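*Asks:* return atomic coordinates for the entry below.
(2 chains)
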Amino acid sequence: MSSWHEFIFMGKHGAYVWSSYLVTFIVLLGLFIGFRIMLRGLKKQVIAEASLKQSEKPKARKLKVSKAEQAN
Amino acid sequence: MAKAWRWFHQLGSPKFLFQKTGQWLPWIWAATLILLVVGLYYSLWASPIEVRQGQKHSVRIMYIHVPSAALSMVAYIAMAIAAIVGLVWKMKVAFAVTRSIAPVGAAMTFLALFTGSVWGKPTWGTWWEWDARMTSELLLLFLYLGFIALHASFSDRSKADKASSILAIVGVINIPIIYFSVKWWNTLHQGYSITEKGALNPAFQTPLFIMLAAMYLLFIALVLMRLRAEIILRNQKSRWVAEWALGTSAKGDKS
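*Replies:* Take a look at the predicted model:
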């Protein structure tokens, strides 16, 4: 690589190279954020349930991932 | 030997695995980021362009295409091994592992197909060709998606685990087909270059090997993140899960 101009345009293949790297970045970041939201969502549900009174507690816990599911 | 088995049994404990992965993840991410920074520096800046085949700068796509394609196959084999462990030894955590690998493996397969297609346009003059390598890799994507869909179609989790594990094991037949496709058939896709001596110029090896290591670590980190959520989902009735959420456990995890 000899110049910033070359770095950005990659000869005539800038669009190909950069779109590959960009899509890879977006997909992997999407997984990272999705999994993070998923675990945090589950944690919140467990906390919400633990704070319920003993009589209001459902017998079996049922966590839902529907909100965090889009990145599954 | 006894020690090794104890370790294996401990990993079978969801609580132990959840705690350990919580401790490992920051280190894995740190190593991943360091390797990624160095790898991207080499693959986007400090490596030469390809002239022999006339790829020019588009050779840089290879540095993400090859790792994601390799991982798409390795991940599937890992998923199938976990499925066998789950079915044979009735190890519940192994099923959680299969379910955690599937989405990340599917993403890697998609990226291999996408980057390959984007590379193919300037180099071969076509986005897509129904040749053996590409078709079998596309089938791999459908196997991953099929695994996820099949798992989601059962309301009973243990049935879902068993059915989707069988799909994972049967689907392994596709892996040698992908791997050997460039040898068995005349494909537009090029043959082996990493494992064949002299096929890959050393100047291209540095960025490729660093990116391979970075992507392997990134893959492991993502699978572990998904696995931690899966463990909580599957052990929601356990006392330690409530303790973890409320931050009262002795070895607390921040995430």
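*Asks:* can you list contacts of stretch B:44-52?
*Replies:* Residues outside stretch B:44-52 that contact it (Cβ atoms under 8 Å, 6 or more residues apart in numbering or on different chains): A:1, A:7, A:11, A:17, A:21, B:55-60, B:63, B:203-204, B:206-207. C-betas here are computed from N, CA, C, even on glycine.
*Asks:* what helix or strand is residue 32 located in?
*Replies:* Using chain A here. Following DSSP states H and E, one finds residue A:32 within helix A:14-50.
*Asks:* please refer instead to chain B.
*Replies:* Assigned by DSSP H and E, residue B:32 falls in helix B:14-41.
*Asks:* other SSEs contacting the next helix or strand after that helix?
*Replies:* Tracing the chain C-terminally past helix B:14-41 and defining elements by DSSP H and E, one meets helix B:62-89 next. Using 3 or more Cβ pairs under 8 Å, 6 or more residues apart in numbering or on different chains; DSSP states H and E, the elements in contact with helix B:62-89 are helix A:14-50, helix B:92-124, helix B:132-152, helix B:157-171, helix B:174-184, helix B:202-234.
*Asks:* got any ranges where the chain has weak pLDDT?
*Replies:* With no chain named, the answer covers chain A. A:53-61, A:66-72 (pLDDT under 70).
*Asks:* correction: the question concerned chain B.
*Replies:* B:1, B:197-199, B:248-255.
*Asks:* count of residues packed around the nearest residue to residue B:216 once chain neighbours are set aside?
*Replies:* Nearest non-adjacent residue to residue B:216, counting by Cβ to Cβ, 6 or more residues apart in numbering or on different chains: residue B:71, 6.7 Å away. The tally of other residues near residue B:71 (other Cβ atoms under 10 Å in any protein chain shown) stands at 24.
*Asks:* from chain A, how far out is residue B:71?
*Replies:* For residue B:71, the distance to chain A (Cβ to the nearest Cβ, to the nearest Å) stands at 11 Å.
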